[in-house]
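Student: Any chance you could fold what I've pasted below:
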Amino acid sequence: MAVLVVAEHDNASLKDATNKVVTAAKALSSDVDVLVAGEGAGAAASAAAGLAGVRKVLHAEGTAFAQGIAESMQGLIVPLMANYDAVLFAATATGKNAAPRIAAALDVSPISDIQEVVDEKTFVRPIYAGNALETVESSDAKKVITVRTTAFAAAGVGGSGAVESIGAGTPAAQVVFKGAEIVKSDRPELAGAKRVVSGGRAMGSADEFHHVIEPLADKLGAAVGASRAAVDAGYAPNDYQVGQTGKVVAPELYVAVGISGAIQHLAGMKDSKVIVAINKDGDAPIFAIADYGLVADYKTAVPELMGELSKVGL
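Tutor: Presented below is the predicted three-dimensional model:
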């Protein structure tokens, strides 16, 4: 069984999500190749070739791949599937966008958000906001899979895969990338951060969110997250959202400030290694999964925490 992993990258470097998808692919087969499609993505292709367990890297260069547009990826990947039994994507916005289109072109059912590989045709995935696990067995000849990266360890380095340049495939018809508004930050990327500080609706305003959450995140060297309620209220941008309809994270430390713990939010962060919750409502659901819970008003608790962190040199 041959497996193709579609790399996540920013054209300059490989993203950690790719390493984790490679681990999932290795549970399927020992024949794992990685596709790096981009513009000026030679460094990312070389990094992919260095991942342990990667047989070879297929490197496709072209302007059409610079933004990972699903239609362009379809034109490249579908012909390649003649040589592969499965194609794996990270369950990110990019992967979730491309996988269904490719599955439709191959006339198969996509298997989404897997967190365990049982065998080459059987997978485990969460349903009902992560409150139940479903075992899926696929009889399709070709598997199109998205991987919940928080459930897999990152593949190590030390591999010696070859890098093979391939053609750009069929250009996407009538699809033109117009532009993107990207929030630039010196903080870690939310999806792969080891520490996350998130704020909820209790912040009350965007100014309060920035005044309370961001300094604490900077003190801890953490990424900033938010509940859906906070995002919907306009306190934080969409790319901060953690939850079932946002980003799924599993950092070493997750600090939830003023977040009650709605099921939608818990689905995106309950696998965090250590969860710290600050909420003045002692009955808030977040305390049921928190490792450390403080029943207090964040307006006094967070400044006190900042002071204690300063005492230990943070």
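Student: Okay, residue 58 and residue 264: tell me how far apart.
Tutor: 37 Å (CB to CB, to the nearest Å). C-betas here are computed from N, CA, C, even on glycine.
Student: Those two: who's more crowded?
Tutor: Between residue 58 and residue 264, counting by other CB atoms under 10 Å, residue 58 is the more crowded of the two (23 against 18).
Student: Identify the bridge partners of the more buried one.
Tutor: Beta-bridge pairing of residue 58 under DSSP bridges involves residue 35, residue 164.
Student: okay but it is in contact with residue 162, surely?
Tutor: No. Residue 58 lies out of contact with residue 162 (CB atoms under 8 Å); the separation is 10.0 Å.
Student: anything in contact with each of these two?
Tutor: Here residue 58 and residue 162 have no joint contacts, going by CB atoms under 8 Å, 6 or more residues apart in numbering.
Student: give me the low-pLDDT residue ranges for this protein?
Tutor: 169-173, 183 (pLDDT under 70).
Student: just the helices in it please.
Tutor: Taking DSSP state H as the test, the helices found in the chain are 16-28, 42-49, 70-80, 93-106, 206-220, 228-232, 263-269, 298-311.
Student: Only alpha carbons, please: show the first one as CSV.
Tutor: Only the C-alpha atoms of helix 16-28 are listed here, as CSV (Å, rounded to 0.1, in the frame of the first residue of the first chain):
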residue,chain,number,x,y,z
ASP,A,16,4.6,20.9,12.1
ALA,A,17,1.2,19.5,10.9
THR,A,18,3.0,17.7,8.1
ASN,A,19,5.2,15.8,10.5
LYS,A,20,2.2,14.6,12.4
VAL,A,21,0.4,13.5,9.2
VAL,A,22,3.5,11.5,8.2
THR,A,23,3.2,9.6,11.5
ALA,A,24,-0.4,8.8,10.7
ALA,A,25,0.6,7.7,7.2
LYS,A,26,3.4,5.4,8.6
ALA,A,27,0.7,3.6,10.6
LEU,A,28,-0.9,2.8,7.2
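Student: packing partners for it?
Tutor: Packing partners of helix 16-28 (3 or more CB pairs under 8 Å, 6 or more residues apart in numbering; DSSP states H and E): strand 2-6, strand 31-38, strand 86-90, strand 116-119, strand 143-147.
Student: ok now that helix, how far from the chain's centre?
Tutor: Averaging C-alpha positions (CA atoms, centre = their mean, to the nearest Å) puts helix 16-28 13 Å from its chain's average.
Student: what comes into contact with that helix?
Tutor: Helix 16-28 has contacts (CB under 8 Å, 6+ apart) with 1, 3, 5-9, 32, 34, 48, 51, 53-54, 86, 88-90, 92, 114, 117, 120, 145, 147, 149-150, 152-155, 191-192.
Student: The same query, at a cut-off of 6 Å, please.
Tutor: With contact meaning CB atoms under 6 Å, 6 or more residues apart in numbering, helix 16-28 is reached by 3, 5, 7-8, 32, 51, 53, 88, 90, 117, 120, 147, 149, 152-155, 192.
Student: Also the second one?
Tutor: When contacts are taken as CB under 6 Å, 6+ apart, the neighbours of helix 42-49 outside the stretch itself are 7, 9, 13, 14, 34, 36, 57, 59, 161, 163.
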